[in-house]
Every structure is written in structure tokens, then in C-alpha cells.
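Colleague: A structural model of the following input is requested.
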Amino acid sequence: MNRYKNGKIFSLFLMCGILGACDKFEAIPLEYKSTPLEEAQEEVLNTIDPAWELELMETNGYVMAFKDKKYDKLFTRTLGWNGGDGVLTTLLPDGNAFWSFNDSFYGVVEGETRARKDCSFPRNSIMVQTPGDEEENLVWLADFVQTTTPEAPRYYQARTHIRHPKASLSDDKIQEGEIDQDWLYWAGDATVCNNKLQVLWNGVDNTNPDALMGHEGICLATYSLEGTPGDDNYMKLISADHHFNDVDIYGYGSTLWEDEDGHIYLYGSYNNYDMIVARTARHDLTSPWEYYVGDEQGNFSWQNTYPTEEEVKRSRIQETDCSMPWVFKKGDTYYMLAQAKWFGREMYIFRSDKPYGPFVDCKRLFGFSDFLDKLGDQTYQNLYMINLHPHLSRNGELVFSTNTDPKNFWDNFNAVGSADYYRPYFYRVYNWERVYEE
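Modeller: Residues are numbered from 1 along each chain as shown. As a prediction, this is how the structure comes out:
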């Protein structure tokens with residue numbers, strides 16, 4: 001019997017009075033009839049293959065949220081990449097998937113204790129996943145310092161994938177394995193155009209100690225998709241336009257949606273919790289961008305000029321504070337998924353009839369535990385960058401990854417279980433669209 005099911009049959013015994021004659025009555029077995037809610041949940045459970053290693057975490061009415069232990073194990077690593085945040089994915093035309101990461105750990109982890117040892121900290125990194133969910137399907141496209149001598153320094157440590165032109169380290173220092181800390185790029189979203197991968201990389205300014213992680217500008221990098229993973233040309237960097245959008249400070253394109261209307265919608269934020277949107281003229285990130293802006297009377301329109309702070313303050317497209325929006329369409333409805341405010345441990349869902357909102361009817365979709373499935377200290381400080389991965393869906397469920405960090409950065413090292421901070425954990429959410437059913 002399915003371990004999630006309740007029993008379907010029970011006996012209802014009709015009792016006479018305590019002192020009455022009970023021999024006139026017989027126990028009447030009645031069949032329990034499932035409710036529509038129970039039938040919907042059972043239907044989900046019957047579609048789940050045990051090989052997927054899903055663990056039920058929460059039910060919210062019809063909505064069922066599972067931990068994806070198989071993908072958690074896939075990213076529980078001991079050599080080379082062993083942690084990183086960001087975690088964005090794009091399905092490629094050949095069936096492979098592009099993965100980008102922001103700050104990452106490369107080096108060695110003790111397998112038994114899950115203690116992260118000597119690692120480098122490249123500020124961005126990339127990987128390609130071939131069809132499948134085994135270790136051999138992950139092709140890490142890293143520039144390793146050295147992979148031949150375990151006893152030598154920097155074993156399986158890697159360099160940052162794409163450097164910012166303002167970064168100050170010399171080429172000699174980079175070859176030695178040093179990492180830029182002053183200027184860097186963190187990943188935005190990506191798309192495919194003319195069989196080339198276009199990736200937005202957001203500039204980060206760390207030169208002001210009183211205002212670290214300042215967003216400044218967008219680089220557009222273009223990669224070849226000729227050949228197969230492992231070939232010299234596959235994922236070769238064709239060009240990097242470091243001045244693609246020098247004025248951006250709101251992260252337009254942190255996530256995107258390619259719509260059937262011919263535009264790519266590029267989502268960003270003001271003050272982290274006011275979602276804003278731009279769009280391209282065509283399904284090509286190099287085509288002209290325009291920005292959706294509200295006027296003082298609350299009327300919205302598209303404009304070619306980058307919005308001022310006063311304009312973005314009145315250009316929010318959702319009704320409830322949230323962060324990191326993911327927009328997609330099912331049927332005639334556009335949905336937005338986003339994290340609750342202040343690193344909230346709940347996911348919201350909104351809906352609209354347009355990809356640029358307004359996104360209304362906010363509902364709580366599901367929540368996350370206050371504890372991680374790891375050795376050692378299971379508490380964490382922040383839950384952040386909850387990202388959607390549509391190409392990983394098997395049966396229409398939503399697939400998310402999360403990022404979590406320890407209370408102190410140095411807790412990422414040496415302690416038991418330290419390697420299981422600052423790495424993705426995965427979740428699958430079924431019956432998500434039925435959250436709107438009363």
C-alpha cells in the first residue's frame with residue numbers, strides 16, 4: 001500500500017445504549033468514500049516513481065510539495081564544484097541544459113563528514129547537463145588551476161568563468177588561482193537566439209566597503225552551441241559586450257519570460273521587493289529594450305528611455321511585496337512565483353492576463369522548513385534566490401532550487417556538514433494551479 005495513503009475501509013459499529021440489549025444490532029461495514037481532495041492527492045502519489053526519491057514535505061489543500069532527494073544527492077559533491085548560489089538554468093535546442101552559478105566553491109570535501117576543506121571561491125561558474133540525472137550528465141565547464149596532484153596546492157580549484165573588465169588582479173595572479181573581489185559578474189537569465197546562447201551577466205561593485213554588492217550595468221555574453229559537450233566549440237565564448245547596458249541598476253533580466261507575442265519580458269526589482277519589467281522588441285536580447293513605467297496618475301506605458309528612480313517607484317507590477325519573480329504562462333493565464341519578503345520561508349503565486357501584470361490574487365503556495373537535511377548544524381541564516389527550473393519538470397509540476405547560507409561565512413568550512421551550506425536544495429510542487437480552488 002502506498003505509504004502516503006490512508007486506509008479506505010473502516011467499520012462503523014452502531015451501538016445501543018450502554019445497558020440496552022445489543023443483540024438486536026449488527027456491525028455494518030461501510031465503505032469510506034474519498035473526497036475530491038484525497039483523490040487528487042492520491043492521483044499525484046500514483047504518478048510518482050520511487051526512483052525519483054521524492055519526500056513529501058507539505059500539503060496545502062490540493063497543493064503537494066516534495067523534497068527532491070535525488071537532485072539533492074546529485075549536487076552533493078566532494079571534488080571540484082561543491083557549492084554555489086545563483087543556480088539558473090536554460091533549456092538548449094539540443095536537449096541539454098545550461099546552468100549558471102554565482103559565488104561557488106571549488107576544491108575538496110571530506111565525503112564522510114561533509115566538511116569543506118581548502119577551496120577557491122570563483123564569483124561565477126557554468127555547467128551543462130546532458131539528458132539524465134546522474135553524475136555523468138553534469139559537464140562542468142571550469143578553468144581548473146590543477147587537477148593532477150592531490151598533494152599540491154589548489155587541487156581542483158577553479159578560476160572565475162567571466163571576469164569584469166574593471167577587476168584589478170593581474171593576469172599572473174589569476175593564473176596562480178587568485179580570485180577577483182572588487183568587480184565581478186553574477187548571472188542573470190539566458191535565452192537562445194539563432195542557435196547561440198545569450199546570457200545576461202549583472203555587474204557587481206564591491207569597491208565601497210559601506211555599500212557592498214552594488215549593481216552596476218549588464219554584460220551580454222554569447223556562446224556557441226555547435227557540437228556537443230566536451231568539444232572545443234561547444235559553449236565557447238563568442239563575444240562579451242561589457243557595455244551592453246551600462247546604466248542598469250535594477251537588474252532587468254534577472255529572470256525572463258519569452259512570450260508568444262514576440263517579446264522577451266525581463267524582470268527586475270526596485271528595493272528588492274517592487275517588481276518591475278522591461279521587454280525586447282524581438283526574441284533576441286540584442287534587439288531594442290523598452291521599459292514599463294507608471295505615471296503619476298497610475299497609468300502605465302512602454303518607453304524607450306531607462307526609467308528614473310521616481311519612475312520605477314511607481315512602476316511596481318505586483319500587489320504584494322516579494323522577491324525574485326518567475327513568470328510563465330499556462331492556458332490563458334500568466335503566473336508569477338516569488339519568495340515572501342525579508343528572505344521569507346514561503347513561496348507566493350500571483351496571476352494576471354498579461355506578462356507585465358498587474359499580478360494579483362496572491363496566494364501562499366507552500367513553505368520551507370527552518371532546518372536543512374544535512375550533517376552538523378541544520379539551522380541556516382538566509383533562504384534566498386529561489387529559482388524555477390521548468391525543463392526539469394516531469395509531469396507539469398513546478399521545480400525549484402533554493403540557496404541557504406550559514407550565520408557566519410567561515411562556517412562554510414571545516415565543520416561537519418559545512419559543505420551542505422551554500423549549495424542548492426531542490427523541491428517539486430504538484431497540483432500548484434489548484435491553489436486557487438476553494
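Colleague: now residue 200, nearest residue through space, not along the chain?
Modeller: residue 188 (3.4 Å; CB to CB, 6 or more residues apart in numbering). For the C-beta atoms, the positions are set from N, CA and C on the backbone; glycine is no exception.
Colleague: try residue 398
Modeller: Leaving aside its chain neighbours, residue 398 sits nearest to residue 429 (4.4 Å; criterion: CB to CB, 6+ apart).
Colleague: Let's verify the one you found: helix, strand, or coil?
Modeller: strand (DSSP: H, G, I helix; E, B strand; the rest coil).
Colleague: you'd agree the residue nearest to residue 200 is up against residue 203?
Modeller: No: counting by CB atoms under 8 Å, residue 188 stays clear of residue 203, with 10.3 Å between them.
Colleague: Neighbour count: the two, which is higher?
Modeller: residue 188 (26 against 23; other CB atoms under 10 Å).
Colleague: ok but the more buried one is inside a strand, no?
Modeller: Yes: membership of residue 188 in a strand is supported by three-state DSSP.
Colleague: Could you pull up the residues touching it?
Modeller: Residues in contact with residue 188 (CB atoms under 8 Å, 6 or more residues apart in numbering) are 88, 199-202, 218, 251, 253-255.
Colleague: separation between it and residue 217?
Modeller: Here residue 188 is placed at a distance of 11 Å from residue 217 (CB to CB, to the nearest Å).
Colleague: any common contacting residues for these two?
Modeller: residue 202.
Colleague: Could you pull out the helices in the chain for me?
Modeller: Along the chain, the segments classed as helices by DSSP state H run 36-47, 69-74, 171-176, 309-313.
Colleague: quick one: buried residues of the shortest one?
Modeller: Looking back up the chat, that one is helix 309-313. Using 16 or more other CB atoms under 10 Å as the test for burial, helix 309-313 gives 311-312.
Colleague: Equivalent analysis for stretch 58-72, please.
Modeller: 58-60, 62-69, 71-72.
Colleague: now do stretch 37-55
Modeller: Those would be 40-42, 44, 48, 54, for stretch 37-55 by 16+ other CB under 10 Å.
Colleague: likewise stretch 151-163?
Modeller: 154-163.
Colleague: same thing with stretch 122-138?
Modeller: 122-130, 138.
Colleague: between those, which is closest to residue 326?
Modeller: Residue 326 has its nearest neighbour among the buried residues of stretch 122-138 in residue 129, at 19.2 Å by CB to CB.
Colleague: what's the spacing between the closest one and residue 345?
Modeller: 28 Å.
Colleague: Show the contacting residues for residue 229.
Modeller: Shown in contact with residue 229 (CB under 8 Å, 6+ apart): 96, 128, 130, 139, 235.
Colleague: let's go with 6 Å and repeat that
Modeller: By CB atoms under 6 Å, 6 or more residues apart in numbering, the contact list for residue 229 reads 128, 139.
Colleague: how far away is it from residue 88?
Modeller: Taking CB to CB, one finds residue 229 at 18 Å from residue 88.
Colleague: Isn't residue 267 up against residue 276?
Modeller: No: between residue 267 and residue 276 no contact is recorded; they are 7.3 Å apart, counting by CB atoms under 6 Å.
Colleague: mind checking pLDDT for the spatially most central residue of the chain?
Modeller: Residue closest to the mean C-alpha point of the chain, counted by CA atoms, centre = their mean, is residue 387 at 1.8 Å. We note a pLDDT of 98 for residue 387 in this prediction.
Colleague: partners of the nearest residue to residue 311 once chain neighbours are set aside in the sheet?
Modeller: Spatial nearest neighbour of residue 311, chain neighbours left out: residue 293 (4.8 Å); criterion: CB to CB, 6+ apart. Per DSSP bridges, the residues bridged to residue 293 are residue 301.
Colleague: can you pull out the strands in the stretch 1-150 of the chain?
Modeller: In the stretch 1-150 of the chain, the strands defined using DSSP state E, counting those that start in this stretch lie at 9-12, 28-31, 54-60, 63-68, 79-91, 97-109, 116-120, 125-129, 138-140.
Colleague: any idea how far the residue nearest to residue 398 is from residue 45?
Modeller: Taken as CB to CB, the span from residue 429 to residue 45 is 14 Å.
Colleague: before we move on, what about residue 196?
Modeller: 42 Å.
Colleague: again with residue 380
Modeller: 29 Å.
Colleague: Could I get the pLDDT score of residue 438?
Modeller: For residue 438, pLDDT reads 67.
Colleague: just residue 7 next, same as before
Modeller: So, for residue 7, pLDDT stands at 43.
Colleague: And residue 61, by the same measure?
Modeller: Taking residue 61 on its own, its pLDDT is 95.
Colleague: Give the residue spans of this protein that score low on pLDDT.
Modeller: 1-27, 438 (pLDDT under 70).
Colleague: show me where the stretch 201-350 of the chain has strands.
Modeller: Using DSSP E, counting those that start in this stretch, the strands found in the stretch 201-350 of the chain span residues 214-224, 237-245, 255-258, 264-270, 274-280, 289-294, 300-303, 323-330, 333-339, 346-352.
Colleague: for those, which one sits closest to residue 436?
Modeller: When those are compared (using CB to CB), the closest one is strand 346-352, at 7.5 Å.
Colleague: If we go by neighbour counts, what in that closest one is buried?
Modeller: 346-352.
Colleague: From those, pick the one nearest residue 76.
Modeller: residue 347 (23.2 Å).
Colleague: Can you name the residues that contact the closest one?
Modeller: 365-366.
Colleague: The one 3 residues further on now?
Modeller: Counting by CB under 6 Å, 6+ apart, residue 350 makes contact with 318, 336, 359, 362.
Colleague: ok, of those residues, which one's closest to residue 103?
Modeller: For the contacts of residue 350, the nearest to residue 103 is residue 336 (26.4 Å; CB to CB).
Colleague: Across the sheet, point out what pairs with the closest one.
Modeller: Assigned bridge partners for residue 336, using DSSP bridges, are residue 327, residue 350.
Colleague: That one: neighbouring residues, count only.
Modeller: Using other CB under 10 Å: residue 336 sits among 25 other residues.
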